[in-house]
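> only geometry, no sequence info:
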């Protein structure tokens, strides 16, 4: 029984209605929520952790546990694992996703987190770097020059299958880097999430719903017609044809298993059964 995921494109509203963070608090149990805040990605763990702690307490969470894990040794401590057992949801902050994988990958904390998510249905949330790390294939960095475009990939935490997550998508013009990543890995989908926007992954990872202010872009390369990646190598501009694209606004739902918009649940009460 996999837990639900809330994967946020970064810069979620922390001052107004806090729709996305409010939603995660509800996923974690509402007034009974004990939310763990994992700050490993950021270089300002105390500041960032305290900010989120104040927000979740203000949204009605019963308690907050801060996990300032900045070394692999700290992620092996029995006391840390004991505190994790009391959490009803864990939220991963932004920063640098490579810090998350290099510090936590393969540790007792990661193993316990994954076990509770997979076996007990523990809900997880992540923003920015905390969103990027959710997928099995993770974008680590991208560098563009006049002669080449380099997208460096690595292994993420693999909480969502067959997907590459990219964040701050429209605001940082990341169309090129996600398209390049999919051209080199056409068997998986690229999901670009705008700022103050999130996907709520549920039903054992088979579908997601869009929340927030902007939109989510999905690139599906499974039926790719042509790409010259094999001839050009991985560090040059490439030609791609036949990638399928979806752009989803808030309130829409996407079937990750069948790679299509869920037409039977479009907003406004209209139903298009059989399409």
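Perfect, thanks for sending it. Bear in mind the structure is a predicted one, so any value in this text is a computation, not a measurement.

> Roughly how far does residue 222 sit from residue 243?
Computed as C-beta to C-beta, to the nearest Å, the residue 222 to residue 243 distance reads 9 Å. (C-beta placed from N, C-alpha, C; glycine too.)

> For stretch 116-132, list every residue counted as buried.
Neighbour counts over stretch 116-132 (16 or more other C-beta atoms under 10 Å) mark 116-117, 122-132 as buried.

> Would you check which pair of the residues you listed lies furthest apart?
Using C-beta to C-beta, the pair of the buried residues of stretch 116-132 lying farthest apart is 116 and 128, separated by 22.9 Å.

> Residues that sit against both of residue 222 and residue 243, list them.
residue 186 (C-beta atoms under 8 Å, 6 or more residues apart in numbering).

> neighbour-wise, which of the two wins?
residue 243 (19 against 14; other C-beta atoms under 10 Å).

> my guess is that one meets residue 218, correct?
No - look at residue 243 against residue 218 with C-beta atoms under 8 Å: they stay out of range, at 10.1 Å.

> in a helix, that's where residue 79 is, yeah?
Yes - under DSSP: H, G, I helix; E, B strand; the rest coil, residue 79 sits within a helix.

> low pLDDT regions in the stretch 101-250 of the chain?
Across the stretch 101-250 of the chain, the ranges flagged by pLDDT under 70 are 143-149, 230-237.

> Now do the strands for it: every range, in order, please.
With strands called from DSSP state E, counting those that start in this stretch, the stretch 101-250 of the chain shows them at 124-127, 137-144, 149-155, 163-167, 189-193, 197-202, 207-212, 215-220, 226-227, 240-241, 244-249.

> Save those strands as CSV, and put in distance to residue 35 too.
As requested, the strands of the stretch 101-250 of the chain are arranged in CSV below (distance: least, C-beta to C-beta, whole Å):
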stretch, distance to residue 35
strand 124-127, 9
strand 137-144, 24
strand 149-155, 26
strand 163-167, 21
strand 189-193, 21
strand 197-202, 16
strand 207-212, 18
strand 215-220, 24
strand 226-227, 42
strand 240-241, 41
strand 244-249, 27
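
> Specify the stretch among these that is closest to residue 112.
strand 124-127 (12.7 Å).

> Packing partners of the closest one?
Applying 3 or more C-beta pairs under 8 Å, 6 or more residues apart in numbering; DSSP states H and E, we find strand 124-127 packed against strand 5-8, strand 89-92.

> Which strands and helices lie in contact with the last one?
Read it as strand 89-92. Here strand 89-92 touches helix 19-27, strand 34-38, strand 124-127, helix 129-132, going by 3+ C-beta pairs under 8 Å, 6+ apart.

> Give me the next element, helix or strand, following the second one.
What it means is strand 34-38. helix 45-58 (DSSP states H and E).

> Let me see the residues that make contact with that next one.
14, 18, 21, 25, 33, 35, 37, 39, 42, 64, 66, 68, 70, 91, 93-95.

> What remains of those residues if I keep only buried residues?
The neighbour-count criterion (16+ other C-beta under 10 Å) marks 18, 21, 25, 33, 35, 37, 39, 42, 64, 66, 91, 93-95 among the contacts of helix 45-58 as buried.

> Switch these over to TSV; also include pLDDT and distance to residue 150.
Formatted as TSV, the buried ones among the contacts of helix 45-58 follow (pLDDT from 0 to 100; distance: C-beta to C-beta, whole Å):
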residue	pLDDT	distance to residue 150
18	98	37
21	98	34
25	98	39
33	98	41
35	98	37
37	98	33
39	98	29
42	97	25
64	98	39
66	98	36
91	98	31
93	98	27
94	96	23
95	95	22
